[in-house]
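Chemist: Let me see the structure of the following:
(one chain, ligands or ions: 1)
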Amino acid sequence: MYFQRKFERGFGTFPLKGNELCRALETALEVGYRAIDTAQFYDNEQDIGNTISSCNIPRDELFLTSKVPIDKFSAELFRPSVEQSLEKLQVNQLDVLLLHWPPADGNIDAALELLLEVQQAGLCRHIGVSNFTGAMLKRCKALTDSPIVTNQVEFHPLLNQDNLLKASAETGIPLASYCSVARGKVFDIPLLKKLAADYDVTVGQIVLRWILQKGVSVNAMSTNPENIRANFDILSFTLSAVDISRIDSLTHQNYRIVDKQLVPWAPVWD
Ligand SMILES: NC(=O)c1ccc[n+]([C@@H]2O[C@H](COP(=O)([O-])OP(=O)(O)OC[C@H]3O[C@@H](n4cnc5c(N)ncnc54)[C@H](OP(=O)(O)O)[C@@H]3O)[C@@H](O)[C@H]2O)c1
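Modeler: Have a look, this model is predicted:
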């Protein structure tokens, strides 16, 4: 499996910046997070670079993901934007570089070519995508033999992503989550509260553990030290198959946060 166990729990950093970001990230690194998720759009790569430079963790223990926004998908802008990310993060290479969104017209071919070029030039070890549909994953596979190591998408118990899971299994392109606790919406769900009591953990831990057991890597963001610690501590219990399927039943409500209203260039989702 591509993602080592220690990297399957990523610390999300949107929309954090400045001192708030530095404090949260320092706590995350203290509790054991090593995978950090950022993006050029988040405008926090410099703060992340400053924090990781001062924390004395060897570079090869960290796993840095950044993303190129669609307005940089041109031959003139793509590579310089990645060089700027490296400069701000104060590293020579990203662990994974993602296309943050598919281009608005849905034609991914040219953007994928630009991504492959910066990988060949050594600016990133691995490449991936974000917010791609199943059809786009299949197109990626047709265009390149290079492994696409992740498709980062909205993934939580209130959203049905069965079609995307199927496309992920068919293409071998793994999923990673964002909005993993549905930006707080999961905390009032009675079934999740009951399961938290049954397993003697928190609702957040139930949700993040469910995501991992769906075969999806987790990205979670928090500024609260208690939540940061709990969100990382999700390997010490296992949800039963029955409880997984009970949580699966919540996905039927299909509550999506990142929709066309929020992001007008979002694709037509699966
Ligand atoms: N690829 C993309 O297009 C995309 C889009 C959105 C996000 N992302 C990435 O995914 C990461 C995660 O997504 P997200 O931050 O949007 O949503 P999220 O993780 O679902 O929600 C974050 C919010 O949930 C709260 N929270 C987190 N853990 C909690 C816990 N255990 N108990 C109570 N509240 C908790 C946090 O508040 P507190 O600070 O009070 O804990 C924070 O306000 C982002 O930071 C970003 O790196 C990527």
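
Chemist: Just say helix, strand or coil for Lys67.
Modeler: In three-state terms, and counting by DSSP: H, G, I helix; E, B strand; the rest coil, Lys67 is strand.

Chemist: Around it, how many other residues sit close by?
Modeler: Using other C-beta atoms under 10 Å, Lys67 has 24 neighbouring residues. (Each C-beta comes from the backbone N, C-alpha and C, glycine too.)

Chemist: What distance do you get for it to Phe41?
Modeler: 7 Å (C-beta to C-beta, to the nearest Å).

Chemist: any common contacting residues for these two?
Modeler: Residues touching both Lys67 and Phe41 by C-beta atoms under 8 Å, 6 or more residues apart in numbering: His100.

Chemist: Let me know the average pLDDT across whichever strand or helix holds Gln46.
Modeler: Assigned by DSSP states H and E, Gln46 falls within helix 45-54. Helix 45-54 carries an average pLDDT of 97.

Chemist: ok, and for that helix, which residues are buried?
Modeler: By 16 or more other C-beta atoms under 10 Å, the buried positions in helix 45-54 come out as Glu45, Gln46, Asp47, Ile48, Gly49, Asn50, Thr51, Ile52.

Chemist: Which elements pack onto it?
Modeler: helix 18-31, strand 63-68, helix 78-89 (3 or more C-beta pairs under 8 Å, 6 or more residues apart in numbering; DSSP states H and E).

Chemist: which one of those has the most crowded surroundings?
Modeler: Burial of the helices and strands packed on helix 45-54 is given as mean neighbour count (mean count of other C-beta atoms under 10 Å); strand 63-68 ranks first at a mean of 25.

Chemist: hmm, who's touching that one?
Modeler: Here strand 63-68 has contacts from 7, 10, 34-41, 45, 48, 52, 78, 81-82, 85, 89, 91, 94-100, 115, 128, 130, 152, using C-beta under 8 Å, 6+ apart.

Chemist: Around the ligand, pick out the residues from the chain.
Modeler: Residues of the chain lying near the ligand by C-beta under 6 Å from any ligand atom: 12-14, 37, 100, 130-131, 152, 178-184, 202, 204, 219-224, 227, 230-231, 258.

Chemist: Buried ones among these?
Modeler: 12-14, 37, 100, 130-131, 152, 178-182, 202, 204, 219-222, 227, 230-231, 258.

Chemist: Mind telling me which residue of the stretch 1-150 of the chain is nearest the ligand?
Modeler: For the stretch 1-150 of the chain, the residue closest to the ligand is Gly12, as judged by C-beta to the nearest ligand atom, at 2.4 Å.

Chemist: So what pairs up with that residue in the strands?
Modeler: Beta-bridge pairing of Gly12 under DSSP bridges involves Asp37.

Chemist: Going by secondary structure, His247 is in what exactly?
Modeler: Small correction: residue 247 is Ile, not His. With DSSP H and E as criterion, Ile247 is part of helix 241-248.

Chemist: Now that helix - C-alpha only, PDB.
Modeler: Listed next in PDB are the C-alpha coordinates belonging to helix 241-248 (Å, rounded to 0.1, in the frame of the first residue of the first chain):
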ATOM      1  CA  ALA A 241     -18.800  -4.700  10.400                       C
ATOM      2  CA  VAL A 242     -22.300  -4.300  11.700                       C
ATOM      3  CA  ASP A 243     -21.600  -0.800  13.100                       C
ATOM      4  CA  ILE A 244     -19.800   0.100   9.900                       C
ATOM      5  CA  SER A 245     -22.900  -0.700   7.900                       C
ATOM      6  CA  ARG A 246     -25.100   1.200  10.500                       C
ATOM      7  CA  ILE A 247     -23.000   4.300   9.900                       C
ATOM      8  CA  ASP A 248     -23.100   3.600   6.100                       C
END
